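**Student:** quick one: sequence and predicted model below, then my questions.
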Amino acid sequence: MPITPPGLTATITGGLLSAGMLGIAVPQLAAGIANGVSIWLPTVTVMTVDAGVLGAGVGVLPFVVPLPLVLSSLMTAYAANGQLGVMAPLEASGLANGLVLGFLQGLIVTTHPGVGVGVGVARLLGPPAFPSLMQGFASAGITGQGAVLKANAISMAFDMIFAVYVTPIPIVGSVSPFPAGGAGFGNIL
């Protein structure tokens, strides 16, 4: 099942509510973030370094991002962008919970032209999420300087997350007796 704005909105809303964010604007904020992330994720490319046996294979893996990585990145980015109010840590915590659960709705799907069976180490590469988040915020009716700061903070957090995020992905495909290495590519669905 791919990551969709309604599914991501639901998980972000639940995450924010679980952290004590009970305001009437919570669904609007969740929708803005979900719309922005849904616009941005298709621009993210998955690159792998592969090892195994010669052939051609594919990889499919749930999109699991560790909660501590997301939370620490959001807390750092919020502070760097002036999101320092009493509720900022709760918002960052709720957003981290919602994003991690929302990402689990997606899959990392890769193609490995040089390795038929083996394992690849996947990294995510993509443009900054800021323009997509601003577009998502605008679609939810969130405007003003606060929207710019929040979009910049979330974009910065994604940059920090994906700078260190790596995950092994199993490669399944044609089998041969010859060892091989290579590079794969893919995306997040």
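**Tutor:** Yep, that arrived. Numbers count the residues shown, from 1 in each chain.
**Student:** for stretch 75-89, how far is the first residue from the last?
**Tutor:** Using CA to CA, to the nearest Å, the end-to-end distance of stretch 75-89 comes out at 7 Å.
**Student:** buried stuff in it?
**Tutor:** By neighbour count on 16 or more other CB atoms under 10 Å, the buried set for stretch 75-89 is 75, 77, 78, 81, 83, 88, 89. C-betas here are computed from N, CA, C, even on glycine.
**Student:** tell me where this structure has helices.
**Tutor:** Under the criterion DSSP state H, the chain contains helices at 5-18, 26-40, 67-80, 88-103, 130-139, 145-164.
**Student:** nearest to residue 51, out of those?
**Tutor:** helix 145-164 (21.2 Å; CB to CB).
**Student:** so what does that closest one touch, helix or strand wise?
**Tutor:** helix 26-40, helix 67-80, strand 115-125, helix 130-139 (3 or more CB pairs under 8 Å, 6 or more residues apart in numbering; DSSP states H and E).
**Student:** just give the nearest non-adjacent residue to residue 48, would you?
**Tutor:** Spatial nearest neighbour of residue 48, excluding adjacent residues (CB to CB, 6 or more residues apart in numbering): residue 120 at 3.3 Å.
**Student:** for residue 21, give me the pLDDT.
**Tutor:** Model confidence at residue 21, given as pLDDT, is 89.
**Student:** how many other residues sit next to it?
**Tutor:** By other CB atoms under 10 Å, 19 other residues sit near residue 21.
**Student:** cool, and the one 3 residues further on?
**Tutor:** When neighbours are counted by other CB under 10 Å, residue 24 registers 6.
**Student:** which of the buried residues of stretch 75-89 lies closest to residue 60?
**Tutor:** Using CB to CB, these come closest to residue 60 at residue 77, 30.3 Å.
**Student:** pull the contacting residues for the closest one.
**Tutor:** 153, 154, 156, 157, 160 (CB atoms under 8 Å, 6 or more residues apart in numbering).
**Student:** neighbour count for the residues you listed - can I get that in a markdown table?
**Tutor:** Below are the contacts of residue 77 laid out as a markdown table (neighbours: other CB atoms under 10 Å):
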| residue | neighbour count |
| --- | --- |
| 153 | 26 |
| 154 | 28 |
| 156 | 20 |
| 157 | 27 |
| 160 | 18 |
